[in-house]
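> Predicted model and sequence follow; I will ask about them next.
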Amino acid sequence: MFQDIEDNLVAAFGRQLQVRFQLDGPVSLEQPKQSSFGELAVPIAFQLARQLKRPPRQIAEELVRDLKVEGVAAFEIAGNGYVNVRLDRGVYSSRLLESAAANIRPAAAAAKIVVEHTNINPNKAAHIGHLRNAVLGDTFVRMLRARGRNVEVQNYIDNTGVQVADVVVGFHHLEGKSLSQVKALIADPAIRFDYLCWDLYARISAHYKDHPESLAWRAQTLHAVEAGEGEIAELGHLVADSIVNAHINTMLRLGIEYDVLPRESEILHLQFWATAFELLKERGAIYFEEEGKNKGCWVMPGSAFKENQSESEDDSKVIVRSNGTVTYVGKDIAYQLWKFGLLGKDFYYRRWCDYPDGHRLWSTTDGPVTEKTPEFGRAQTVFNVIDSRQSYLQDVVVAGLRALGFDKQAESSVHFSYEMVALSPRTCLEMGIPLSDEDKRKPYVEVSGRKGLGVKADDLIDKLIETALAEVDNRNADKSPAQNQLAAEQIAIGALRYFMLKFTRNSVIAFDFHEALSFQGETGPYVQYAAVRASKILREFQNRWGPLPDFEAALTPAVFADAMQDDGLWQLLLTASKRCSAIEKAISSGEPAHLAKYAFQLAQSFSNFYHEYQVINEANEVRRTVFLWLTDYVRRQLMATLSVLGIPQPSYM
RNA sequence: GGGGGCGUAGCUCAGUUGGAUAGAGCAUCAGCCUUCUAAGCUGAGGGUCACAGGUUCGAUUCCUGUCGCCCCUACCA
């Protein structure tokens, strides 16, 4: 609704520009600093002032003379030349009532958007850094889908990489475990295999450090895993598949699902890389280095992806090593080409699992299967949710597309980057992690899988549930343990997802248990609480007085116009009506944090409302009806927003 | 050395692409539960937007320089 008004205003001012000044140009709207200035402001006169060499105030007056826009009560000139827009509160409110009944969904666009996120190396349990990736990616997907975009979610599985190989080395060489022994470990319900691998990975990394000669194990193992044959390769698959399942379960706890798992093993076995390699050579995107430190490698020149156009060999990036094996970036170029349908090849797919909600998760596989499989890839736009430390590699991938002549796809490849999650020094101390004097002075300490230093995702979720459950039990002695457990889980998820979203992408999160476990202030549970209160008010009314009034009959524009003279009510209604606009803005700025902030502000606005006004006990019937409708409307908008944020709604707290 | 990011209240962070009196949460202090759940609400204190120049009607925002912090700059991913 608010979005419609915004669109109409932009169009109307655009026309005025044409008619009055014969000018084209973007018209931007902004929210006035103070609500007393109106609902929207148009600062266009300031921009025109320079061009036209006339005072902005005069221009503003000319622009709004005779201007009529539906739903707008008045335009006012303020300050040096602001055009402040005042909405017709009665008309606007009653429109909201109507559109709630219609509730038209935006039509799904045919163009496919691929969002790749999570991408955790399948060799150990997920940690809080991975959670940020998955929550950011999943929320962005929900935002896009809420606005009718056609989105496919891919979770890339590097099941043949060094990290998997290292854990295989750990089992095989360090522990001397056979394939069947590892199988037994996986089958043992008393053992958390992903946690066991977490420790094993730290141990083998330490072992390499103390015994550099043992790095030969890694090379042999990596080779066997990549080739995909023999017991070592089987062990690799066993470890990777098992850990992938652990990750899928961890993410499912947060409501995160995927459509397809493209795997590196298929990139290799189906010759995706070989095809991409031929293409890169053929079009001169990479060349064979004859001398210098990169002698014997296929490299991409630095000029392809660096600003400074230097041809220095220091800047070039090795794509194929001198031993003939391909680097990760090379495989990633092949994968990115496939996402756009540019490789001229496709995977085979098989069912990986069915989620409890019925959604089917597919995985790539290297041979035909009997069941009917969907089509993946062929995207128009690709978002890669990858942390900002890898921006250099992402630049190389995009440069690869460009060097192959796929300029449009290069433009449509978005590195959806975010900063890492580190640990606050206080949290390190709480966890008993020893810090060097140097670390103590730092604002945060980097998580390290190799050192086994970090907070495991499932541990954090468990701890959040435990904390929430204590509070829920305390407040709801009358409910069953199972009911309270469910509520605690929902609150924990709300707290965690909100925590991961409240920071903008380029800010480093210094993870702090105290902050993450807080359910007060700007947190998920605060927003959930507001929605719970709204539901409770409506339920309580129905318990006492029966069905809700017939809103559409009772609430005429005149009734609204009268009630909404109260600025408190009007601001709440206005904020609630901005849901779609808030989602759209969060999409275009690429900041899920903005939507989280919106949810918080709406919750805050509603909290103020229910403290200031008694809904059920309001004596005036018309006013009470307005309050009830407003409560219901805010509740729906709040729940819809929470759903886009992936935050579940408890029935009580 | 090169590339990128950051520096805003005691702490953690927003700041709508250059606009009106710079905002939240936490923490601190003072209030509010016989009335729809106090995971809440009201109020107070707290700012040289790192620093210095520049651009202009106007700069937290853009440009230059300085200082400080972080990340990247592998034949790891």
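The structure has been received and is ready for your questions.
> A:Leu200 is in contact with A:His207, correct?
No: using CB atoms under 8 Å as the test, A:His207 is too far from A:Leu200 to be in contact (10.2 Å). Where you see a C-beta, it was placed from the backbone N, CA and C, and this is true even at glycine.
> Of those two, which one has the most company?
The residue with more neighbours, out of A:His207 and A:Leu200, is A:Leu200; 23 against 18, by other CB atoms under 10 Å.
> Quickly list what's touching both of A:His207 and A:Leu200.
A:Leu174 (CB atoms under 8 Å, 6 or more residues apart in numbering).
> Please list the residues of the stretch 451-600 of chain A that sit near RNA strand B.
A:468, A:471-472, A:475, A:487, A:491, A:502-504, A:506-510, A:515, A:518-522, A:525-526, A:529, A:532-533, A:536-537, A:540-541, A:585, A:588-589, A:591, A:593-594, A:597, A:600 (CB under 7 Å from any atom of the strand).
> In helices, which of these appear?
A:468, A:471-472, A:475, A:487, A:491, A:515, A:525-526, A:529, A:532-533, A:536-537, A:540-541, A:585, A:588-589, A:593-594, A:597, A:600 (DSSP state H).
> Produce a ChimeraX select command limited to the buried residues of those.
Burial among those is assessed by 16 or more other CB atoms under 10 Å; the matching ChimeraX selection reads:
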select /A:468,471,472,487,491,515,525,526,529,532,533,536,537,541,585,593,594,597,600
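> ok, then the element right after the helix or strand of chain A at the bottom of the mean pLDDT ranking?
For chain A, using mean pLDDT, DSSP states H and E, the weakest element among its helices and strands is helix A:437-441, scoring a mean of 74. Downstream of helix A:437-441, the next assigned helix or strand under DSSP states H and E is strand A:445-446.
> ok, residues contacting that following strand?
By CB under 8 Å, 6+ apart, the list of residues contacting strand A:445-446 reads A:420, A:422-425, A:428, A:433, A:435, A:439, A:453.
> try 10 Å this time
A:129, A:389, A:420-425, A:427-428, A:433, A:435-436, A:438-439, A:453-454, A:508, A:510-511 (CB atoms under 10 Å, 6 or more residues apart in numbering).
> For the nearest residue to A:Arg89 once chain neighbours are set aside, what are phi and psi?
Using CB to CB, 6 or more residues apart in numbering and skipping residues adjacent in sequence, the residue nearest A:Arg89 is A:Met564, 3.9 Å away. Main-chain dihedrals, A:Met564, degrees, to the nearest 10: phi -80, psi 0.
> OK, contacts around A:Met564?
Residues near A:Met564 by CB under 10 Å, 6+ apart: A:87-90, A:92-93, A:570-574, A:626, A:630.
> Looking at these, which are in strands?
A:Leu87 (DSSP state E).
> okay if I get the contacts of A:Met564 as TSV plus neighbour count?
Below are the contacts of A:Met564 laid out as TSV (neighbours: other CB atoms under 10 Å):
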residue	neighbour count
A:Leu87	22
A:Asp88	18
A:Arg89	24
A:Gly90	20
A:Tyr92	24
A:Ser93	28
A:Trp570	19
A:Gln571	16
A:Leu572	25
A:Leu573	25
A:Leu574	21
A:Val626	27
A:Leu630	25
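> got a list of what the residue of the stretch 401-550 of chain A found nearest RNA strand B touches?
Here the residue of the stretch 401-550 of chain A nearest RNA strand B is A:Gly521; by CB to the nearest atom of the strand that distance is 2.1 Å. For A:Gly521, the contact set (CB under 10 Å, 6+ apart) comprises A:515, A:600, A:604.
> now A:Ala276
Per CB under 10 Å, 6+ apart, neighbours of A:Ala276: A:267, A:285, A:319, A:326, A:330-338, A:342-343, A:345, A:400, A:404.
> Buried only: go through those for me.
Neighbour counting with 16+ other CB under 10 Å marks A:267, A:285, A:319, A:326, A:330-338, A:342-343, A:400, A:404 as buried within the contacts of A:Ala276.
> Report the buried residues of stretch A:173-190.
A:173, A:177, A:182, A:185-186.
> related to what we said a few turns ago, what sits up against the least confident helix or strand of chain A?
Residues contacting helix A:437-441 (CB under 10 Å, 6+ apart): A:423, A:425, A:428-429, A:433, A:435, A:445-446.
> make it 7 Å
Identification of contacts with helix A:437-441 by CB atoms under 7 Å, 6 or more residues apart in numbering yields A:425, A:445.
> That helix: how far from the chain's middle?
Centroid separation between helix A:437-441 and its chain, computed with CA atoms, centre = their mean, to the nearest Å, is 32 Å.
> in that helix, what's buried?
Under 16+ other CB under 10 Å, helix A:437-441 has no buried positions.
> Where does pLDDT dip in the stretch 301-450 of chain A?
Where the stretch 301-450 of chain A drops to pLDDT under 70, the residues are A:307-314.
> The same query, at a cut-off of 90, please.
Across the stretch 301-450 of chain A, the ranges flagged by pLDDT under 90 are A:301-316, A:323-325, A:369-371, A:424-450.
> so which helix or strand takes in A:Asp166?
Assigned by DSSP H and E, A:Asp166 belongs to helix A:162-169.
> And RNA strand B, is that helix touching that?
Yes: using CB under 7 Å from any atom of the strand, helix A:162-169 comes into contact with RNA strand B via A:162-163.
> now that helix, how far from the chain's geometric center?
Distance, centroid of helix A:162-169 to centroid of chain: 29 Å (CA atoms, centre = their mean).
> Also stretch A:208-217?
The answer for stretch A:208-217 is 38 Å, by CA atoms, centre = their mean.
> what's the residue sitting nearest the centre point of chain A in contact with, if anything?
Per CA atoms, centre = their mean, the C-alpha nearest to the average position across chain A is that of A:Leu136, at 2.2 Å. Each residue near A:Leu136 by CB under 7 Å, 6+ apart is listed here: A:385, A:418, A:500, A:505, A:592.
> and the second one, bridged to which residues?
The one in question is A:Tyr418. As for beta bridges, A:Tyr418 partners with A:Asp387 under DSSP bridges.
> coming back round to it: quick one, phi psi at the residue nearest to the centre of chain A?
Taking degrees, to the nearest 10 as the convention, A:Leu136 sits at phi -60, psi -50.
> residues in the stretch 251-400 of chain A within reach of RNA strand B, list them.
A:293-297, A:306-308, A:314-315, A:318, A:321-323, A:325, A:327-329, A:388-393.
> so of those, which ones are in strands?
A:Val318.
> Which of the residues of the stretch 251-400 of chain A next to RNA strand B are buried? Put it as a ChimeraX command.
Those of these that count as buried under 16+ other CB under 10 Å are selected in ChimeraX with:
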select /A:294,297,306,315,318,327,329,390,393
